[in-house]
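S.K.: Show me how the following folds:
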Amino acid sequence: MNFWDRLENHFQATSNRRISSLFDNDPSRADKLSAAAGGMLLDFSKTSIDDESLKLLLELCSEAGVAERRLDMFEGERINVSENRSVLHTALRDPDGAPVLVDGADVKPGIRRSLAKMQSFSDGVRNGAVLSASGKRFTDMLNIGIGGSDLGPAMASAALAPYVDTLRPHFISNVDGSHFRDATSYLDPKTTLVVVVSKTFTTIETITNARTARDWIAGACGPEGVRRQFAAVSSATEKAGSFGIDMKRVFGFEDWVGGRYSVWGPVGLSLMIAIGPRKFLEFLAGAREMDAHFLAAEPKANLPVLLALVGIWHNQVAGYETTAILPYDQRLRLLPAYLQQLMMESNGKSVSRDGEPLTRPSGPIVWGEPGTNGQHAFHQLLLQGTRIAPCEFLLAANSHEPELQEHHDLLVANCLAQSEALMRGRGADSRDFKTDSNPGGAGNRTRLASHREIKGSRPSVTLLYPKLTPFVLGQLIALYEHRVFVEGTVLGINSFDQWGVEAGKEIARSLLPAVAGRADAAGLAGSTRLLIDYIAMNRR
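M.R.: Numbers count the residues shown, from 1 in each chain. Take a look at the predicted model:
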């Protein structure tokens, strides 16, 4: 019997056991099913995992070769098998570390040169050495990208708002014209720096928005405005130059950096400008510390490994199809969307690395919202619905607003209360429900109590950290990156391609002539033709 079968059998044999009873039977459970590293604490004791299931999960991890494949990734082996590429986002945050060879050449000198170029440009923009076409200092910055070229810097800039001290960052991703209009309505084109982020400089949404931004800047500042007020992050330097961007302001990156893993390098240029090079280096240092922990810590004390194994227990073993990411930090409001892309684009596959159909479910559906907002929306389903959705709570011990300590205390209390309520529930015989204020006598009070009952025994993990600083944010993102790697390795899939995304782009390009009225839609499938005909008719 293999480890998967043993895990499933153990889950079935213990599925009627309440999570709260595990604490009653083992006073040391919280200590045994938690781990700390780099100032962070991961508590997964409020799950149904016990000593036996944890032992089996760790053995499954070993059998899958996580340790060996982890070393392959850090050393530059081509673990992205479908694209024959190395996966080296970890090298971006360790520019001064040991050499890493790709095709016999060390990538570190190039990373250091790129970082130095980013720092020089960022310092110039921030201190006024780099000015707009009008000779004024920049007041705002507009990042144009999509996917990892947007979510990374946008999420991190929002998370690190207390450290944004010079230019105000803004982000455009959606090709919907309303996004461009709304993002630029209150900006002055004469003092706005535009950063276009597109690896190939062909991503249709990004280039469409970039052309509109070029017209917007040129209309206010003349043709010189494009050269003076644009920068690009792209490997296609010639295309960026043809667009009108000064080649000295084009920041390239390599094919061994996937979009959703790219905030650590030139894609993070907007973040560096927003918080300054020194804080950006602290951001890299936090990720680098998590990398070191991931490489060195034993699996039973390894935060990324443990978080991944909890996810596998919930998704592949227990059959819970979704994971709720619930940061109790308003500045992490974009983190659920960021992790949604990281986890679902990486592990949303249906075949193994060898191209064979998967025999088990791939990654979970990821969703979420900051607390306490979510409590007044979907937590009702989490607590009393018929579906179980494992929750991952994230919480800082300290806020950036000590003068508002009452707010933070209430936030902390709410976060801890949610995980407690999910686990313990509340019985229908609670004294709170049997009051004389309920009309209709004892019978009605009994019926009302059933509506208020919370069955509990619903799993959650909690990740605590001291304060949301650049260093801690780096740790946090790297933790989830490595969690995705471990889950993908155990499932036997390639976490570093995204062919489904590419297919959608190709179909969109083929449909564009018919949508724009430049081609006949007659040859399209019946439903698509019907929809295009409706749009055409209502545009007249």
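S.K.: Heading C-terminal from the strand or helix carrying R278, find the next helix or strand.
M.R.: Counting by DSSP states H and E, the element that carries R278 is helix 277-296. Scanning forward in sequence from helix 277-296 by DSSP H and E, the next helix or strand is helix 303-312.
S.K.: Pull that next one out as CSV, backbone CA atoms only.
M.R.: Extracted in CSV, the C-alpha atoms of helix 303-312 (Å, rounded to 0.1, in the frame of the first residue of the first chain):
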residue,chain,number,x,y,z
LEU,A,303,7.7,26.2,7.1
PRO,A,304,7.2,25.9,3.3
VAL,A,305,7.2,22.1,3.5
LEU,A,306,4.7,22.0,6.4
LEU,A,307,2.4,24.6,4.7
ALA,A,308,2.5,22.5,1.5
LEU,A,309,1.7,19.2,3.3
VAL,A,310,-1.2,20.8,5.1
GLY,A,311,-2.5,21.9,1.7
ILE,A,312,-2.1,18.4,0.3
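S.K.: Any buried residues in that helix, and which?
M.R.: Burial within helix 303-312, assessed by neighbour count using 16 or more other CB atoms under 10 Å, is assigned to L303, P304, V305, L306, L307, A308, L309, V310, G311, I312. Heads up, the C-betas are built off the backbone N, CA and C, glycines and all.
S.K.: Among those residues, which one sits closest to N538?
M.R.: The shortest distance between N538 and any of those, using CB to CB, involves G311 and amounts to 45.0 Å.
S.K.: Any buried residues in stretch 150-166, and which?
M.R.: Within stretch 150-166, the residues scored as buried using 16+ other CB under 10 Å are 150-160, 163-164, 166.
S.K.: again, but for stretch 131-146
M.R.: Going through stretch 131-146 with 16+ other CB under 10 Å, the ones that come out buried are S132, A133, S134, R137, F138, D140, M141, L142, N143, I144, G145, I146.
S.K.: tell me the contacts of the fourth one?
M.R.: Listed by CB atoms under 8 Å, 6 or more residues apart in numbering, the contact set of R137 reads G128, L131, T191.
S.K.: Could you rerun that using 7 Å?
M.R.: The contact partners of R137, taken as CB atoms under 7 Å, 6 or more residues apart in numbering, are G128, L131.
S.K.: And the fifth one, by the same measure?
M.R.: Under the criterion of CB under 7 Å, 6+ apart, the contact partners of F138 comprise V125, S132, L167, T191, T192, L193.
S.K.: Adding secondary structure and pLDDT, write those residues out as JSON lines.
M.R.: Shown next, in JSON lines, are the contacts of F138 (DSSP: H, G, I helix; E, B strand; the rest coil; pLDDT from 0 to 100):
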{"residue": "V125", "secondary structure": "helix", "pLDDT": "98"}
{"residue": "S132", "secondary structure": "coil", "pLDDT": "97"}
{"residue": "L167", "secondary structure": "coil", "pLDDT": "96"}
{"residue": "T191", "secondary structure": "helix", "pLDDT": "98"}
{"residue": "T192", "secondary structure": "strand", "pLDDT": "98"}
{"residue": "L193", "secondary structure": "strand", "pLDDT": "98"}
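S.K.: quick one: which of the residues you listed is nearest to K248?
M.R.: For K248, the nearest member of the contacts of F138 is V125. The distance, counting by CB to CB, is 13.3 Å.
S.K.: Kindly confirm my reading that I325 is in a strand.
M.R.: Yes - the assignment for I325 (DSSP: H, G, I helix; E, B strand; the rest coil) places it in a strand.
S.K.: Report the contact partners of the closest residue to it other than its chain neighbours.
M.R.: The shortest distance from I325 to any non-neighbouring residue, by CB to CB, 6 or more residues apart in numbering, is to G368 (3.6 Å). Listed by CB under 7 Å, 6+ apart, the contact set of G368 reads A324, I325, L326, P336.
S.K.: who's in contact with the helix or strand hosting the last one?
M.R.: Translated: P336. Remark: P336 resides in helix 335-347, with elements defined by DSSP H and E. Taking CB under 7 Å, 6+ apart as the criterion, the residues outside helix 335-347 that touch it are 147-148, 151-152, 155, 260, 325, 327, 362-363, 366-369, 480-481, 484, 487-488, 491, 493, 495-496, 498, 501.
S.K.: Could you export stretch 397-413 as PDB, CA atoms only?
M.R.: Included here for stretch 397-413 are C-alpha records, laid out as PDB according to Å, rounded to 0.1, in the frame of the first residue of the first chain:
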ATOM      1  CA  ALA A 397       1.500  41.100  16.100                       C
ATOM      2  CA  ASN A 398       2.100  44.800  15.600                       C
ATOM      3  CA  SER A 399       0.600  47.500  13.300                       C
ATOM      4  CA  HIS A 400       2.200  50.600  11.900                       C
ATOM      5  CA  GLU A 401      -0.300  52.800  13.800                       C
ATOM      6  CA  PRO A 402       0.500  52.500  17.500                       C
ATOM      7  CA  GLU A 403      -1.800  55.500  18.200                       C
ATOM      8  CA  LEU A 404      -4.600  53.300  16.900                       C
ATOM      9  CA  GLN A 405      -3.800  50.300  19.100                       C
ATOM     10  CA  GLU A 406      -7.500  49.700  20.000                       C
ATOM     11  CA  HIS A 407      -8.100  49.000  16.300                       C
ATOM     12  CA  HIS A 408      -5.300  46.500  16.100                       C
ATOM     13  CA  ASP A 409      -6.400  44.700  19.300                       C
ATOM     14  CA  LEU A 410      -9.900  44.400  17.900                       C
ATOM     15  CA  LEU A 411      -8.400  43.100  14.600                       C
ATOM     16  CA  VAL A 412      -6.300  40.500  16.400                       C
ATOM     17  CA  ALA A 413      -9.200  39.400  18.600                       C
END
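S.K.: and it, how far out from the chain's middle?
M.R.: Put simply, stretch 397-413 sits 25 Å off its chain's centre (CA atoms, centre = their mean, to the nearest Å).
S.K.: now stretch 203-210
M.R.: 22 Å.
S.K.: Mind listing what's buried along that stretch?
M.R.: Across stretch 203-210, burial judged by 16+ other CB under 10 Å covers T203, E205, T206, I207, N209, A210.
S.K.: Nothing else from me, thank you.
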